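Colleague: Build the 3D model from these lines:
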Amino acid sequence: MTESDFEFLRGFLKQRSGLAMTAEKRYLVESRLGPVCRRFNLGDLHDLVAVLKLGRDAAAERAVVEAMTTNETFFFRDRVPFDLFRDVLLPQALQRNAGRRRLRIWCAAASTGQEPYSLAMLLQEAAPRLAGWQVEIVATDLSTEVIERARAGIYSHFEVQRGLPVQWLIKHFTQVGESWQISQSLRAMVDYRQLNLLNAFDGLGQFDVVYCRNVLIYFDAPTKADILNRIAACLAPEGALVLGAAETVIGLTDRLQPNPEHRGVYGHAAAGQRAAAAPLAAPLAAPAAMQARPPVPPVLAPASALAPLRAAAGR
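Modeller: Below is the predicted model of the structure:
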């Protein structure tokens, strides 16, 4: 790949997805776009760049962007953000919204669905407190391919081993061949939509909780600031934004500020003092499957060994 081809691809990816590709990521461009060349019967990256410059092949353009998008995710990733949702964010939202009995959550970088489905499982465990409530999880991602995978809710045995308690695998999933499919009731709780975070958030509405984890790290500072300001516009007055461990709003926007009690949680700057003075809502009891979980996700037995557990559970 020539220097000029690399510079074109950097500009193309920045414009289409916001990805900031440094010179050190040249190897990544070559390794991920090689298969795209083969898929479209192109000799090399120079030929691919020529196709992109013509601007006449939407499928090739989409394939390049999706190939460069990182989709690393797993159920209950990093654990703490989900404990916070169960113990703090959800009880507080239920207290605030008791009058209108409506709860809206947005997973802004949903990938293949493990994050929104993790939240859906927690919500289903809290079902007695949500009787009569309208609950909506909106999950968006740039990639149409991963959105389709998320809608199907089908995961490999390796994927369900990562972070998912075995009791919840048995409770919420059905084995389909060598894979596992999440229940229809949980799939129905999530509204998947294709969305580029660089584009306007028109039509999304307002949210009580927004999860935008491990995606801002791929953008430059001006892009991060723009996205954060537009997320702030979608966040309810006392809503909560949850970012990844390596992400922050500090130095990027004055519309949001860190929650002084919970790392990785942010709220409107104007609501900060009110939230700090407000009494804490009663936390939800942790389901048995989530209590005393070790920091390292448990390794599940092979799929064939789960049959006795499924039989005992009445499945």
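Colleague: I figured R10 hits M21, correct?
Modeller: Yes - the criterion here is Cβ atoms under 8 Å, and R10 meets it with M21 at 4.7 Å. Placement of C-beta: from N, CA and C, glycine included.
Colleague: which residues are contacting stretch 124-139?
Modeller: With Cβ atoms under 8 Å, 6 or more residues apart in numbering as the test, stretch 124-139 has contacts from 86, 90, 94, 101-107, 110, 113, 115-116, 119-120, 123, 150, 172, 185-186, 189-193, 204, 207, 284, 287.
Colleague: In contact with N196, which residues are there?
Modeller: With contact taken as Cβ under 8 Å, 6+ apart, N196 is in contact with R16, S17, G18, L142.
Colleague: secondary structure element for the first one?
Modeller: It stands for R16. For R16, the enclosing helix or strand under DSSP states H and E is helix 3-17.
Colleague: center of this protein - which residue?
Modeller: What sits nearest the mean C-alpha location of the chain, by Cα atoms, centre = their mean, is A110, with 3.1 Å.
Colleague: picking that back up, among the contacts of stretch 124-139, name the buried ones.
Modeller: Burial by neighbour count, 16 or more other Cβ atoms under 10 Å: within those this picks out 86, 90, 94, 103-107, 110, 113, 115-116, 119-120, 123, 150, 172, 186, 189-190, 192, 204, 207, 284, 287.
Colleague: Which of those fall in strands?
Modeller: L103, R104, I105, W106, C107, V190, Y192, F207 (DSSP state E).
Colleague: and the angle for the host helix or strand of I147 with strand 102-107?
Modeller: Assigned by DSSP H and E, I147 belongs to helix 144-152. Calculated by axes from the mean of the first three to the mean of the last three Cα atoms, to 10 degrees, helix 144-152 forms an angle of 140 degrees with strand 102-107.
Colleague: what about this structure, any weak spots by pLDDT?
Modeller: Regions of the chain meeting the criterion pLDDT under 70 cover residues 70-71, 271-315.
Colleague: before we move on, the earlier item: surely the residue nearest to the centre of the chain is in contact with R151?
Modeller: No - between A110 and R151 there is no contact, the gap being 10.3 Å when judged by Cβ under 8 Å.
Colleague: Give the residues shared as contacts by these two.
Modeller: Taking Cβ under 8 Å, 6+ apart as the criterion, A110 and R151 both touch Y192.
Colleague: hmm, who's touching the helix holding R16?
Modeller: With Cβ under 8 Å, 6+ apart, helix 3-17 has contacts from 19-21, 23, 26, 29, 33, 45-46, 49, 52-53, 61, 64-65, 68-69, 142, 196, 198, 220.
Colleague: Quick one: buried ones out of the residues you listed?
Modeller: 19-21, 29, 33, 45, 49, 52, 64-65, 68-69, 142, 198.
Colleague: Please identify the buried residues of stretch 176-189?
Modeller: For stretch 176-189, the neighbour count (16+ other Cβ under 10 Å) marks S179, W180, Q181, I182, S183, L186, R187, M189 as buried.
Colleague: go on, stretch 241-252?
Modeller: For stretch 241-252, a neighbour-count test (16+ other Cβ under 10 Å) marks L241, V242, L243, G244, E247, T248, V249, L252 as buried.
Colleague: so what secondary structure elements neighbour the helix holding I147?
Modeller: helix 58-68, strand 134-141, strand 190-194 (3 or more Cβ pairs under 8 Å, 6 or more residues apart in numbering; DSSP states H and E).
Colleague: Tell me which residues are up against the strand or helix carrying L241.
Modeller: Assigned by DSSP H and E, L241 belongs to strand 235-243. Outside strand 235-243, the residues within contact range by Cβ under 8 Å, 6+ apart are 81, 84-85, 89, 92-93, 96, 206-213, 216, 231-232, 249, 256, 259, 264-268, 270-271, 274-275.
Colleague: can you rerun that using 6 Å?
Modeller: Contact with strand 235-243 is made by 81, 89, 96, 206, 208-211, 264-267, 271, as judged by Cβ atoms under 6 Å, 6 or more residues apart in numbering.
Colleague: got a winner among the contacts of N196 for most neighbours?
Modeller: Neighbour tally across these (other Cβ atoms under 10 Å): the maximum, 26 neighbours, falls on L142.
Colleague: Good, we can wrap up now.
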